[in-house]
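**Student:** please find the sequence and the predicted model below.
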Amino acid sequence: INNVSFVLPTVALLQAHYFKLQGIFTDDFPANPPSPYNYTGNPPANLQTTNGTKVYRLRFNETVEVVLQGTSLIAPESHPIHLHGFNFFVVGKGLGNFDKGKDLSSFNLVDPVERNTMSVPTAGWTAIRFRADNPGKTM
């Protein structure tokens, strides 16, 4: 996600957070792709990906919006997405590259469908919203 390939840590992330363990993860997960490109067209030769165990901290009860963009990389397909411990609202969906200037106006903010699993369409995008009220199990 956002050009970062996840590296499995030696200690669970919540455990590292709870016990304030250093060196398990970093707080520099990018909020947006650092090198945008035409996600549904021919990909660039160098995607400039990095490897790491990076997190994006959310405030408790914060409303979070995530746009999941399907790409043409490797084998384009409709991809199911599930958030463990959360239901979320599907506020938008479309084909092609997500365009913030154009696509936000089509979001359903009145009565969006609530799901715990949904699909990002082939060569398209899906926008979801959820409340960050389930930080997970702590010891």
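**Tutor:** Nice, I can see it.

**Student:** drop to CA atoms for contacts and neighbour counts, all remaining ones
**Tutor:** OK.

**Student:** in the lengthiest helix in the chain, what counts as buried?
**Tutor:** Assignment by DSSP state H gives helix 13-18 as the longest helix of the chain. Buried residues in helix 13-18, counting neighbours by 16 or more other Cα atoms under 10 Å, are found at 13, 16.

**Student:** residue 134 reaches residue 86, doesn't it?
**Tutor:** Yes: using Cα atoms under 8 Å, residue 134 is in contact with residue 86, at 7.3 Å.

**Student:** the two - which one has more neighbours?
**Tutor:** More crowded of residue 134 and residue 86, by other Cα atoms under 10 Å: residue 86, with 14 against 11.

**Student:** surely residue 78 touches residue 120?
**Tutor:** Yes: using Cα under 8 Å, residue 78 is in contact with residue 120, at 5.6 Å.

**Student:** which neighbours do those two share?
**Tutor:** Residues touching both residue 78 and residue 120 by Cα atoms under 8 Å, 6 or more residues apart in numbering: residue 70.

**Student:** these two: which has the busier surroundings?
**Tutor:** Taking neighbours as other Cα under 10 Å, residue 78 and residue 120 compare with residue 120 leading, 22 against 16.

**Student:** so how far is residue 111 from the more buried one?
**Tutor:** Here the distance between residue 120 and residue 111 works out to 20 Å (Cα to Cα, to the nearest Å).

**Student:** same question for residue 71.
**Tutor:** Separation of residue 71 from residue 111 (Cα to Cα): 28 Å.

**Student:** over to residue 76?
**Tutor:** 30 Å.

**Student:** more neighbours: these two, which one.
**Tutor:** The neighbour comparison of residue 76 against residue 111 (other Cα under 10 Å) goes to residue 76, with 13 against 9.

**Student:** pLDDT below threshold where in the protein?
**Tutor:** Counting by pLDDT under 70, the chain shows low-confidence ranges at 75, 136-139.
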